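Engineer: prediction below, plus the sequence it came from.
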Amino acid sequence: MKIVCVGGGPAGLTFAIQARLRSGGRDEVVVAERSGYGSAQGFAVTLGEDILDAAYRADPVGAPALRGALHLWGDQVVDVAGRQVHLGGRYGYAVGRSRMLSLLADRAVAVGADVRFGAEVTDDPATDPLTADADLVVAADGINSRIRTRHATHFGTEVSQGRNKYVWFGTTRRFRAFTFAYERTEAGWIWFYAYPASDGPSTCIVECPPATWAGLGLDAMPGDEAMRMLERRFARALDGHALVAPPGMGASPWLEFREVRNATWRRDNLVLAGDAAHTTHFSIGSGTVLAMEDAYGLADAVYGGPARTTDGGLSAALAAYDARRRAQMRPIQDMARRSMEWFEVATEGLDADPVRFAWSLSDRRGDQHPLHYQLHRATQIDPVRRVRRRLTSARRLRRALRRGEPIR
């Protein structure tokens, strides 16, 4: 079988690796990526325990290299104009996006995939020379997928837009904790999300309501000037460190989040994966994880995992992938939308009680038990926080041991 993955992001590369491994090297797998090796938009991406467990199960030889590149952050802090509130029991992993893509590309090449950088594929797989004779085409070409856009009517593509303005910066400050930092301005509140990576700048996503954006003059300010102004506004929270411009920052780097949903992810032998199929608001930090889960789900369907159908045909396998992953994604996208909408209105609670505000932030997806609020308040006491940190560390080590990580 010939497989072509259009796009060398987490979805395309992870599926290419799985296709080679699960076919025993029999299937021809090509990855066409129009950018260069290691090229990436943005800074670091975040991963959690579940996707690490899945990576070790699916590729126990390749997964340790990815784990070795990850930076562990062990705390979450909500900083409201200088007052810090701690969120206990939280931790996660981060890695520079470029580093992660390089690791996945190297692993794909090692298992025999043909990874082609600087390779353009047209928006019509039926006529493009690379994809026309493919048995399976995986459109993993991102939120601006040309293939999905061409066939948007068939896929039932719906794109909705968030209200807030945001920009994806880096910063030279090496944050120890995942930090939400809020600053009051004369035009309203503005905030950032920052988290560290071991191999480059910390990620620093700045967000604000449209009224604040316009009130501060950011709507008319060149990108470099806006970045310098934001450094001054966040000088305390950044501890005097600089912001780092995103790759290719233009005159105005500001964006509005776009939520992509599709009524189907399949058209004949073509399937969507990753951001081409779905997007989730950056406030839940799941884009890379969900792209990799798409790849594992597609590999299960095609090569005989839990989603495999009884007749063994590729067409039925792709239909199973389409139905299963869309059903799994629906509640996740609903949760991500709730998180996005919380950030669009949540500044109303900032002036009252920062501890309660931080609790509301942690429960923005509606997944916290109300009884945990008292534990949250207790976590602001240093000895309680230290105990929670030790318990969280023990929980993390148990997960690591179960998946076979060496404990240093």
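Structural biologist: It's in.

Engineer: so which elements touch the lengthiest helix in the chain?
Structural biologist: Counting residues, the longest helix in the chain under DSSP state H turns out to be helix 314-345. Using 3 or more C-beta pairs under 8 Å, 6 or more residues apart in numbering; DSSP states H and E, the elements in contact with helix 314-345 are strand 258-261, strand 266-267, strand 270-272, helix 287-303. (C-beta placed from N, C-alpha, C; glycine too.)

Engineer: residue 315: which of those is closest?
Structural biologist: With C-beta to C-beta as the measure, strand 266-267 is the member of the helices and strands packed on helix 314-345 nearest residue 315 (9.2 Å).

Engineer: outside of the closest one, which residues touch it?
Structural biologist: Identification of contacts with strand 266-267 by C-beta atoms under 8 Å, 6 or more residues apart in numbering yields 151, 154-155, 272, 318-319, 321-322.

Engineer: highest neighbour count among these?
Structural biologist: residue 272 (31 neighbours; other C-beta atoms under 10 Å).

Engineer: what pairs with that residue across the strands?
Structural biologist: Applying DSSP bridges to residue 272 gives these bridge partners: residue 139.

Engineer: touching, it and residue 263? I think so.
Structural biologist: No. Residue 272 is beyond contact range of residue 263, at 11.2 Å (criterion: C-beta atoms under 8 Å).

Engineer: identify the contacts common to these two.
Structural biologist: Joint contacts of residue 272 and residue 263 (C-beta under 8 Å, 6+ apart) are residue 155.

Engineer: if we can go back for a sec, so which of the contacts of strand 266-267 is the closest to residue 41?
Structural biologist: Distances from residue 41 to the contacts of strand 266-267, taken by C-beta to C-beta, are shortest for residue 272, at 19.4 Å.

Engineer: quick one, what contacts that closest one?
Structural biologist: So residue 272 contacts 139-140, 145, 147-148, 155, 262, 265-266 (C-beta under 8 Å, 6+ apart).

Engineer: please state the offset of stretch 229-239 from the chain centre?
Structural biologist: Offset of stretch 229-239 from its chain centre (C-alpha atoms, centre = their mean, to the nearest Å): 25 Å.

Engineer: how near is residue 75 to residue 196?
Structural biologist: Residue 75 sits 11 Å away from residue 196 when distances are taken as C-beta to C-beta, to the nearest Å.

Engineer: ugh, wrong one, residue 99
Structural biologist: Residue 99 is 13 Å from residue 196, where distance means C-beta to C-beta.

Engineer: now for the two: what residues contact both?
Structural biologist: By C-beta under 8 Å, 6+ apart, no residue touches both residue 99 and residue 196.

Engineer: OK, contacts around the residue nearest the centre of the chain?
Structural biologist: What sits nearest the mean C-alpha location of the chain, by C-alpha atoms, centre = their mean, is residue 287, with 2.7 Å. Applying C-beta under 8 Å, 6+ apart to residue 287 gives the contacts 45, 274-275, 279-280.

Engineer: as CSV, the residues you listed with pLDDT would be great.
Structural biologist: Shown next, in CSV, are the contacts of residue 287 (pLDDT from 0 to 100):
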residue, pLDDT
45, 92
274, 98
275, 98
279, 98
280, 97
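
Engineer: which one of the residues you listed has the most neighbours?
Structural biologist: Going by other C-beta under 10 Å, residue 274 tops these with 29 neighbours.

Engineer: residues contacting that one?
Structural biologist: Contacts of residue 274 (C-beta under 8 Å, 6+ apart): 7, 9-12, 140, 142, 287, 290-291, 294.

Engineer: that one and residue 404, how far apart?
Structural biologist: Distance from residue 274 to residue 404, counting by C-beta to C-beta: 27 Å.

Engineer: residue 208 too?
Structural biologist: Residue 208 sits 44 Å away from residue 404, going by C-beta to C-beta.

Engineer: returning to what we had before: which positions within the longest helix of the chain qualify as buried?
Structural biologist: Buried positions in helix 314-345, judged by neighbour count with 16 or more other C-beta atoms under 10 Å: 317-322, 324-326, 329, 332-333, 335-340, 342-343.

Engineer: tell me the SS of residue 360?
Structural biologist: Following DSSP: H, G, I helix; E, B strand; the rest coil, residue 360 is assigned to helix.

Engineer: per-residue confidence for it?
Structural biologist: At residue 360, the predicted lDDT confidence score is 92.

Engineer: that one touches residue 347, doesn't it?
Structural biologist: No. At 11.3 Å, residue 360 does not count as touching residue 347 under the criterion of C-beta under 8 Å.

Engineer: quick one: which of the contacts of strand 266-267 is nearest residue 86?
Structural biologist: residue 272 (39.8 Å).

Engineer: so what's residue 364 up against?
Structural biologist: So residue 364 contacts 283, 338-339, 342-343, 346 (C-beta under 8 Å, 6+ apart).

Engineer: tell me which residues form a beta bridge with residue 45?
Structural biologist: Applying DSSP bridges, one finds that residue 45 bridges with residue 95.

Engineer: separation between it and residue 282?
Structural biologist: Look at residue 45 and residue 282: by C-beta to C-beta, they are 10 Å apart.
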